[in-house]
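Chemist: Structure, please.
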Amino acid sequence: MTQFDDTFVTTADDLPGYRVLRNLGVVRGVTVRSRSVIGNLGAALQTMVGGNITLYTELCEKVRAEAFDLMIEHAATLGANAIVAMRYDANDVAEGVTEVLAYGTAVEVRALD
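Modeler: Residues are numbered from 1 along each chain as shown. Below you'll find the predicted structure:
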């Protein structure tokens, strides 16, 4: 299996300076989270003050990072060393429950000579 370097994840359709040797298909990382009652209470207090609601910002960052890491794990199991056309998506599954999806195309790349 090739070594996966997470610096080779891009939203672009290619990696300048690299040639795609194989397209290994769509990879994804999915995580589903809910907000806790305590977290909601703290966020509600922050909304009264206004500005950045740090409790939700931290939750969003954590969930996106988890989905990203799961996507990379999926790509590595296929033998990929890069992911192109990477995107995030989020959907409400139920009241207060959100799915976060990181997805892209797993590829094997090699530096151009």
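Chemist: From now on I want contacts and neighbour counts done on CA atoms only, so please keep to that.
Modeler: Noted.
Chemist: now the strand ranked longest in the chain, how far from the centre of its chain.
Modeler: Determined from DSSP state E, the single longest strand within the chain is strand 18-34. Centroid separation for strand 18-34 versus its chain: 9 Å, with Cα atoms, centre = their mean, to the nearest Å.
Chemist: got the buried residues for that strand?
Modeler: 26-31 (16 or more other Cα atoms under 10 Å).
Chemist: same question, stretch 96-113
Modeler: Residues 98-109 are the ones in stretch 96-113 that count as buried (16+ other Cα under 10 Å).
Chemist: could you dump those to TSV with pLDDT?
Modeler: Shown next, in TSV, are the buried residues of stretch 96-113 (pLDDT from 0 to 100):
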residue	pLDDT
Thr98	85
Glu99	91
Val100	94
Leu101	97
Ala102	98
Tyr103	98
Gly104	98
Thr105	98
Ala106	97
Val107	96
Glu108	95
Val109	95
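Chemist: what's the spacing between Val107 and Thr7?
Modeler: Distance of Val107 to Thr7, given as Cα to Cα, to the nearest Å: 13 Å.
Chemist: residue boundaries of the helices in the protein?
Modeler: In the chain, the helices defined using DSSP state H lie at 37-49, 54-77.
Chemist: pLDDT on the last one, on average?
Modeler: So that's helix 54-77. Averaged over helix 54-77, pLDDT sits at 90.
Chemist: go on, the first one?
Modeler: Helix 37-49 shows a mean pLDDT of 55.
Chemist: okay, which residue is most central for the chain?
Modeler: In the chain, the residue lying closest to the centroid (Cα atoms, centre = their mean) is Phe68, at 2.9 Å.
Chemist: That one and Val20, how far apart?
Modeler: 21 Å.
Chemist: and what of Thr54?
Modeler: Distance from Thr54 to Val20, by Cα to Cα: 40 Å.
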